[in-house]
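Novice: sequence below, structure please.
(one chain, ligands or ions: 1)
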Amino acid sequence: MSPLPPRGTRQPMTASPTHAPPLLAARGLSFARNEQPVFGPLHFAVDAGEALLVRGDNGAGKTTLLRVLAGLLGAETGAIDIDGKPAHSRERGHAIAYLGHLPALKADLSVLQNLEFLCGLHGHRPRQTIADALGIVGLAGFEDAPVRQLSAGQKKRLSLARLWLSPAPLWLLDEPYANLDLEGIHLVNRMISAHLQEGGAALVTTHGAYAAPPVRTRELVLGGGGA
Ligand SMILES: Nc1ncnc2c1ncn2[C@@H]1O[C@H](COP(=O)(O)OP(=O)(O)OP(=O)(O)O)[C@@H](O)[C@H]1O
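Specialist: Alright, predicted model coming up:
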């Protein structure tokens, strides 16, 4: 696997590092389904250069929280700020790259076609090429393989290549270590570390059984919903 090269320089999200607002802030955020609370109200913030580990048992609401932050579900109450400004789902879409449980890939397209399609849709980080990203995640040589022929771990690696190419500063990573071998777990941690060093931030859900990124982290623990 290739070493992680520096990516395109990120524009600072804030004017002053000493008084910078958090990259992401949630104020009184809650979600309910059929009037049954799933989580919240939650108050938390994530600074540029920081990771927030979202821990909780099965069913505690970790995925739901990330989907609300990504704008895929509507919050029951509360507000979300990006870089100190209220951000509705449209604005959040530009700032957020979401890595979900299921790979957001087109099974009948090749590895290369998937990345070209996603870069066309969301843009990509300056000076990063698809070839670089495939090398980093260990998929060089798989360019023409249809995604349906990839293993679960290879699909996860392809999703990581897409994440690496994304220009979004805020990564929402739902169980990013799932389906990966030990080397893949280290890859995720190195990607998160590099992203944070460049001024990005990451929310990472985990049951706690996996390795956590070796970076400045805070924790948000969600109450149990029961397995
Ligand atoms: N589409 C859905 N329709 C109805 N209920 C749902 C739906 N998705 C999740 N839930 C419920 O919402 C609650 C929170 O689920 P969520 O997937 O956010 O938990 P989680 O903490 O990510 O769990 P896990 O660790 O098992 O992935 C659970 O009680 C779950 O049953």
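
Novice: packing partners for the longest helix that the chain contains?
Specialist: Scanning the chain for the helix with the most residues, using DSSP state H, yields helix 182-197. Here helix 182-197 touches helix 152-165, strand 170-174, strand 201-206, going by 3 or more CB pairs under 8 Å, 6 or more residues apart in numbering; DSSP states H and E. In short, each C-beta sits where N, CA and C put it, glycine included.

Novice: the helix or strand following the last one pairs with which strands, parallel or anti?
Specialist: The helix or strand immediately downstream of strand 201-206 is strand 217-221, counting by DSSP states H and E. Using DSSP bridges, the strands paired with strand 217-221 are strand 51-55 (parallel).

Novice: return the strand it pairs with as CSV; C-alpha atoms alone will do.
Specialist: This file holds the C-alpha atoms of strand 51-55, laid out as CSV (Å, rounded to 0.1, in the frame of the first residue of the first chain):
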residue,chain,number,x,y,z
ALA,A,51,-12.2,13.5,16.4
LEU,A,52,-15.4,12.7,18.4
LEU,A,53,-15.9,9.1,19.2
VAL,A,54,-19.6,8.3,19.4
ARG,A,55,-20.0,5.3,21.6
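
Novice: contacts for it?
Specialist: 44, 46, 62, 65-66, 192, 196, 201-208, 212-213, 215-222 (CB atoms under 8 Å, 6 or more residues apart in numbering).

Novice: tell me what angle the following helix or strand past it forms with strand 170-174.
Specialist: For strand 51-55, the following helix or strand on the C-terminal side (DSSP H and E) is helix 62-69. With axes from the mean of the first three to the mean of the last three CA atoms, to 10 degrees applied, the angle from helix 62-69 to strand 170-174 works out at 150 degrees.

Novice: buried residues in the following helix or strand past helix 62-69?
Specialist: Once helix 62-69 ends, the next helix or strand along the chain (criterion: DSSP H and E) is strand 77-82. Neighbour counts over strand 77-82 (16 or more other CB atoms under 10 Å) mark Gly78, Ile80, Asp81, Ile82 as buried.

Novice: thought the third one was touching Ala87?
Specialist: Yes: in this structure, Asp81 sits in contact with Ala87. The criterion is CB atoms under 8 Å, and the distance is 6.2 Å.

Novice: and this structure, which residues reach the ligand?
Specialist: Proximity of the chain to the ligand, by CB under 6 Å from any ligand atom, involves residues Arg33, Val38, Gly56, Asn58, Gly59, Ala60, Gly61, Lys62, Thr63, Thr64, His207, Gly225.

Novice: thinking the second one is in contact with Leu29, fair?
Specialist: No: at 11.0 Å, Val38 and Leu29 do not qualify as touching, with contact defined as CB under 8 Å.

Novice: who's in contact with the spatially closest residue to Asp81 that is not a sequence neighbour?
Specialist: Among residues not flanking Asp81 along the chain, Ala25 sits closest, at 4.3 Å (CB to CB, 6 or more residues apart in numbering). Ala25 is in contact with Phe44, Ala45, Val46, Ile80, Asp81, Gly84, counting by CB under 8 Å, 6+ apart.
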